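Participant: Sequence first, then the predicted structure:
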Amino acid sequence: MKRAGDFLKDFFDNLGISSEKRETIYSCWTEIAGKDIADHSKVVDIKKEIVFVETDHPGWLQIINLKKELILNKINEKFPEKEVKEIKVILKRS
């Protein structure tokens, strides 16, 4: 049985949209931020030049803030057309 992701890949391939064009900051968050950070956070919005990241614990909020420049550089290397200038980290409401 095919997985949903396989169906979507086939669908986009049939439309002629390459996988590179389908990649987004959302879908590449683990690659950009690293597995540890991505396990405790996610991109929730992108507005203009700001990426909004939600995290599940104040400790992870602090870690992401400390690594903001590195994460921002990785985003802009992978998606230069987005011209991201800032990352805002918010704590998930419980």
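Facilitator: Noted; the coordinates are in hand.
Participant: which sections of the protein are below the confidence cut-off?
Facilitator: The chain contains residues with pLDDT under 70 at 1-23.
Participant: SS state for Ile46?
Facilitator: Three-state call for Ile46 (DSSP: H, G, I helix; E, B strand; the rest coil): strand.
Participant: Can you tell me the closest non-neighbouring residue to it?
Facilitator: Leaving out its chain neighbours, the residue that sits closest to Ile46 by C-beta to C-beta, 6 or more residues apart in numbering is Ile25, at 6.2 Å. Glycine gets a C-beta too; all of them are placed from N, C-alpha and C.
Participant: Correct me if wrong: that neighbour contacts Val43.
Facilitator: Yes. Taking contacts as C-beta atoms under 8 Å, Ile25 lies within contact range of Val43: 5.5 Å.
Participant: and for these two, which residues touch both?
Facilitator: Val51 (C-beta atoms under 8 Å, 6 or more residues apart in numbering).
Participant: before we move on, the earlier item: report the contact partners of the residue nearest to Ile46.
Facilitator: When contacts are counted by C-beta under 8 Å, 6+ apart, Ile25 is found next to Ile32, Val43, Ile46, Val51, Ile75, Phe79, Lys82, Val84.
Participant: Let's see that with 7 Å instead.
Facilitator: Val43, Ile46, Val51, Ile75, Phe79, Lys82 (C-beta atoms under 7 Å, 6 or more residues apart in numbering).
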